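Enquirer: kindly generate the corresponding structure for this input.
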Amino acid sequence: MSFGGPHLLAPLPSMLGLRPGMRVSVQSPPPGFLEKLVPLPEGCALVDSAPTGIDVTICFVQRKTELVERLPRLAHHMAVTGRVWVCFPTAETAHTPTEDFVRLAALEVGLADDKKLMLDPAWTGLRLSWRPRGPRLEKPRAQA
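Expert: Modelled structure (predicted):
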């Protein structure tokens, strides 16, 4: 597998939104993926957990059940402004997550997708973040 290949217009860390000083977690990466993240931006650290949350989590899942089990925990460990990349096989089978399945699972835990990235011909990723709150329909009324 060749992550990053010629179809990406920028280095893989940049496409994933990795910036200096971020805490990044990579879970269940396929062979060759971690090598394509090098070099990480300055001060960027690969971690398993962080007291104030993880800035970017890159999670590879191959089965729908695996996604449903892991997503609530990933959301729980996110920083307030954090993101989760859910990466799934591009080839669809009955058991692999699809783009729509990832979106629906994300909505169940309060997340929404805001970016899609084809990591290589075999893997696609959706970036999830906390779902924005809608505008307040009524102004609060102060009472004395």
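Enquirer: next one, pLDDT for the nearest residue to residue 63 once chain neighbours are set aside please.
Expert: Nearest residue to residue 63 in three dimensions, chain neighbours excluded: residue 95, at 5.1 Å (Cβ to Cβ, 6 or more residues apart in numbering). For glycine as for every other residue, the C-beta is placed from the backbone atoms N, C-alpha and C. Per-residue pLDDT puts residue 95 at 95.
Enquirer: got the contact list for residue 95?
Expert: 62, 63, 64, 65 (Cβ atoms under 8 Å, 6 or more residues apart in numbering).
Enquirer: tell me the secondary structure at the last one.
Expert: Classification of residue 65 by DSSP: H, G, I helix; E, B strand; the rest coil places it in helix.
Enquirer: distance of it relative to residue 29?
Expert: Here residue 65 is placed at a distance of 19 Å from residue 29 (Cβ to Cβ, to the nearest Å).
Enquirer: neighbour count for those two, which is higher?
Expert: residue 29 (17 against 10; other Cβ atoms under 10 Å).
Enquirer: contact partners for the more buried one?
Expert: Neighbour list for residue 29: 58, 60 [criterion: Cβ under 8 Å, 6+ apart].
Enquirer: make it 7 Å
Expert: By Cβ atoms under 7 Å, 6 or more residues apart in numbering, residue 29 lies in contact with residue 60.
Enquirer: can you report phi and psi for it?
Expert: phi -70, psi 140 (degrees, to the nearest 10).
Enquirer: can you give me the helices in the protein?
Expert: Taking DSSP state H to define them, one finds helices in the chain at 12-15, 33-36, 64-76, 99-108.
Enquirer: switch these over to TSV; also include distance to residue 86 and mean pLDDT.
Expert: Shown next, in TSV, are the helices of the chain (distance: least, Cβ to Cβ, whole Å; pLDDT from 0 to 100):
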stretch	distance to residue 86	mean pLDDT
helix 12-15	15	93
helix 33-36	14	93
helix 64-76	7	96
helix 99-108	5	96
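Enquirer: now those in CSV, with distance to residue 125?
Expert: Putting these into CSV (distance: least, Cβ to Cβ, whole Å) gives the following:
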stretch, distance to residue 125
helix 12-15, 9
helix 33-36, 11
helix 64-76, 13
helix 99-108, 9
